[in-house]
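Participant: sequence isn't available, so here's the structure alone:
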């Protein structure tokens, strides 16, 4: 059974940093994504990585501030978030096993989500 478990969320002040982790069990994946959903808003794409091609993709709103990376041995993907702003406050979800024809936006497996709150 596949499970994705996020960790590393919490409360941080504006301008601060957090690193989210998503550990997978049950199988290995070649493509991963991070999404977020703020209160009253739809879930939105944040970042994605395909380790086979070494390619990454970011939403314009996080480019230059967030970095996605993966540890293949640990079957874990990370999202390093720097220069956090209040508008980054959301529940963050990791996803795995992207649809190649619709990468980086569609995935088969999802985590439960983890809260990130940025306070001013």
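Facilitator: Nice, I can see it. Just so it is clear, the model here is predicted, and its values are computed rather than measured. Residues are numbered from 1 along each chain as shown.
Participant: the residue nearest the centre of the chain - nearest residue in space that isn't next to it in sequence?
Facilitator: Nearest to the mean C-alpha position of the chain, counting by CA atoms, centre = their mean, stands residue 34 at 2.5 Å. Spatial nearest neighbour of residue 34, chain neighbours left out: residue 46 (4.3 Å); criterion: CB to CB, 6 or more residues apart in numbering. To be clear about C-beta, it is placed using only N, CA and C from the backbone, and glycine gets the same treatment.
Participant: does the one you found touch residue 79 like I think?
Facilitator: Yes: the pair residue 46 and residue 79 passes the contact test of CB atoms under 8 Å, sitting 7.1 Å apart.
Participant: hang on, the earlier thing: for residue 105, see how far away the residue nearest to residue 34 is.
Facilitator: Taking CB to CB, to the nearest Å as the criterion, residue 46 is separated from residue 105 by 11 Å.
Participant: mutual contacts of the two, please.
Facilitator: Shared between the contact lists of residue 46 and residue 105 (criterion: CB atoms under 8 Å, 6 or more residues apart in numbering) are residues residue 33.
Participant: of those two, who's got more company?
Facilitator: Neighbours per residue, other CB atoms under 10 Å: of residue 46 and residue 105, the larger number sits with residue 46, 25 against 14.
Participant: mind listing the strands for this structure?
Facilitator: For the chain, the strands defined by DSSP state E cover 3-7, 10-13, 18-25, 31-37, 44-50, 55-58, 66-71, 76-81, 90-98, 107-110, 114-119.
Participant: mind listing what's buried along the second one?
Facilitator: Going back to what we said before, that points to strand 10-13. When neighbours are counted by 16 or more other CB atoms under 10 Å, the buried residues of strand 10-13 are found to be residue 12.
Participant: intersection of neighbour lists for residue 46 and residue 79?
Facilitator: Contact criterion CB under 8 Å, 6+ apart; residues shared by residue 46 and residue 79: 34, 66, 92.
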